[in-house]
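A.B. asks: I'll drop the sequence and a predicted model, then ask my questions.
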Amino acid sequence: MLLLIYGYFAYLLFLITIQYIPLNFDVAFLRIKQDEIGLLHYRWAFFIHVYTSIFLIAVGWMQFSTYLRTHYKQLHRNIGKFYVLTILFLSGPSGLIMSYYANGGLVAKISFIILSVLWIVMTYGAYYYARKGDFVKHKKYAVRSFALTLSAISLRLFKYIIVFLFHPLPMDTYRIVSWLGWTFNLILAEIILIYWFKNKINGIKT
């Protein structure tokens, strides 16, 4: 059931993404970013971020499949390499560039900058500890990284909920969800990790 819900929201994000294919400078979000889209570096950052992030959503969840890790270890490693390289060299840096031009003023810009930096750091942490053979820490950092990846979905979900319930001004909404979209995910990830680690310790004791 959870996977079906995830698939539905991933599909909605895919519908948003295909609006920009082929290169379209006057559609959806870009309609309010006409000044920024005139900047070559922003244009590159935007389309790199949009085109690569949808693949992270598509394959990221597979890394947490016990069946895949057990029966298809090489596939797990290959998807992991793709995920890490995409974030470290494409999605993360492009997101950081876009952060400096975020709507919502300084409040939103700071949030997206922190999000981008944490996304890169947590993803690198997952890679680093996998290479070191510390798979407990590898899993922890992988969970945190994917929680930040999912901010692409949660940001939009919180936006719809807040607008539906409270009807705030558009920029006020954007400032709120710029923080809520990733902090909620990261807090939830930490709760899941605490629960997982506690159960693992209890399993060892019994």
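C.D. replies: The structure has been received and is ready for your questions.

A.B. asks: so which residue is dead centre in the protein?
C.D. replies: residue 149 (1.4 Å; C-alpha atoms, centre = their mean).

A.B. asks: and that one, what does it touch?
C.D. replies: Applying C-beta atoms under 8 Å, 6 or more residues apart in numbering, we find residue 149 in contact with 53, 56, 57, 60, 87, 119. (C-beta placed from N, C-alpha, C; glycine too.)

A.B. asks: closest one of those residues to residue 157?
C.D. replies: Closest approach between the contacts of residue 149 and residue 157, by C-beta to C-beta: residue 57, at 13.2 Å.

A.B. asks: I'd say the closest one and residue 12 touch.
C.D. replies: No: Residue 57 is not in contact with residue 12 according to C-beta atoms under 8 Å; the separation is 10.5 Å.

A.B. asks: which one of those two is surrounded by more residues?
C.D. replies: Each of residue 57 and residue 12 has its neighbours counted (other C-beta atoms under 10 Å); residue 57 has more, 20 against 13.

A.B. asks: grab the nearest non-local neighbour of the more buried one.
C.D. replies: Sequence neighbours aside, residue 10 is the residue nearest to residue 57 in space, at 5.1 Å (criterion: C-beta to C-beta, 6 or more residues apart in numbering).

A.B. asks: which parts of this protein are helices?
C.D. replies: Ranges of helices within the chain are 2-17, 34-37, 40-60, 66-71, 73-86, 92-99, 105-132, 135-149, 151-166, 170-205, based on DSSP state H.

A.B. asks: what does the shortest one rub up against?
C.D. replies: Okay, so that is helix 34-37. 25, 26, 30, 42, 43, 46, 101.

A.B. asks: got a markdown table for the contacts of residue 149, with distance to residue 73 too?
C.D. replies: Converted to a markdown table, the contacts of residue 149 look like this (distance: C-beta to C-beta, whole Å):
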| residue | distance to residue 73 |
| --- | --- |
| 53 | 26 |
| 56 | 21 |
| 57 | 23 |
| 60 | 18 |
| 87 | 21 |
| 119 | 26 |
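
A.B. asks: of these - the most surrounded one?
C.D. replies: Neighbour counts for the contacts of residue 149 peak at residue 87, which has 27 neighbours (criterion: other C-beta under 10 Å).

A.B. asks: doesn't residue 117 make contact with that residue?
C.D. replies: No: with contact defined as C-beta under 8 Å, residue 87 does not count as touching residue 117 (11.8 Å).

A.B. asks: list the helices and strands the helix or strand bottoming out on mean pLDDT in the chain packs on?
C.D. replies: Lowest by mean pLDDT, DSSP states H and E among the helices and strands of the chain is helix 170-205, with a mean of 86. Helices and strands touching helix 170-205, by 3 or more C-beta pairs under 8 Å, 6 or more residues apart in numbering; DSSP states H and E, are helix 105-132, helix 135-149, helix 151-166.

A.B. asks: just those helices: most buried one?
C.D. replies: helix 135-149 (a mean of 20; mean count of other C-beta atoms under 10 Å).

A.B. asks: run the angle between it and helix 73-86 for me.
C.D. replies: On the basis of axes from the mean of the first three to the mean of the last three C-alpha atoms, to 10 degrees, helix 135-149 is oriented at 50 degrees to helix 73-86.
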